[in-house]
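**Q** Prediction below, plus the sequence it came from.
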Amino acid sequence: MNEQDDRLARAREEIAARVASFKATQEKFEREREEYYAATLGKAWSGFNRPSFWR
């Protein structure tokens, strides 16, 4: 391999690493959104299902 091929290979490796990092971050955000949604919806339903205000 010549110097240009080495630079291209390093650039591809860097891009692949950045893409992998971005994907991991997006998956983390998705998990956090789902957890927040489940917790928020759970709180809303638990407040809605309380019969104390009907009495």
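**A** Yep, that arrived.

**Q** how far away is residue 11 from residue 5?
**A** 11 Å (Cβ to Cβ, to the nearest Å). Backbone N, C-alpha and C define where each C-beta goes, glycine included.

**Q** now residue 17
**A** 19 Å.

**Q** got it, and residue 28?
**A** 35 Å.

**Q** swap in residue 19?
**A** 21 Å.

**Q** Just the element for residue 26, please.
**A** Taking DSSP states H and E as the criterion, residue 26 maps to helix 3-48.

**Q** Could you give the separation of that helix from the chain centroid?
**A** 4 Å (Cα atoms, centre = their mean, to the nearest Å).

**Q** Pull the number of nearby residues for residue 26.
**A** 10 (other Cβ atoms under 10 Å).

**Q** Listing request: residues of this structure with sub-threshold pLDDT.
**A** Where the chain drops to pLDDT under 70, the residues are 49-55.

**Q** again, only this time at 80
**A** Along the chain, the parts satisfying pLDDT under 80 run over 1, 45, 47-55.

**Q** can you tell me which residues contact residue 31?
**A** Residue 31 makes no contacts at all, as judged by Cβ atoms under 8 Å, 6 or more residues apart in numbering.

**Q** Would you list the phi and psi of residue 2?
**A** Main-chain torsions, residue 2, degrees, to the nearest 10: phi -100, psi -180.

**Q** and it, how many neighbours does it have?
**A** 7.

**Q** any idea how far it lies from residue 24?
**A** 33 Å.

**Q** Kindly report the same for residue 33.
**A** From residue 33 to residue 24 the distance is 15 Å (Cβ to Cβ).

**Q** tell me which residues of stretch 11-25 are tucked away?
**A** Applying a neighbour-count criterion of 16 or more other Cβ atoms under 10 Å, stretch 11-25 contains no buried positions.
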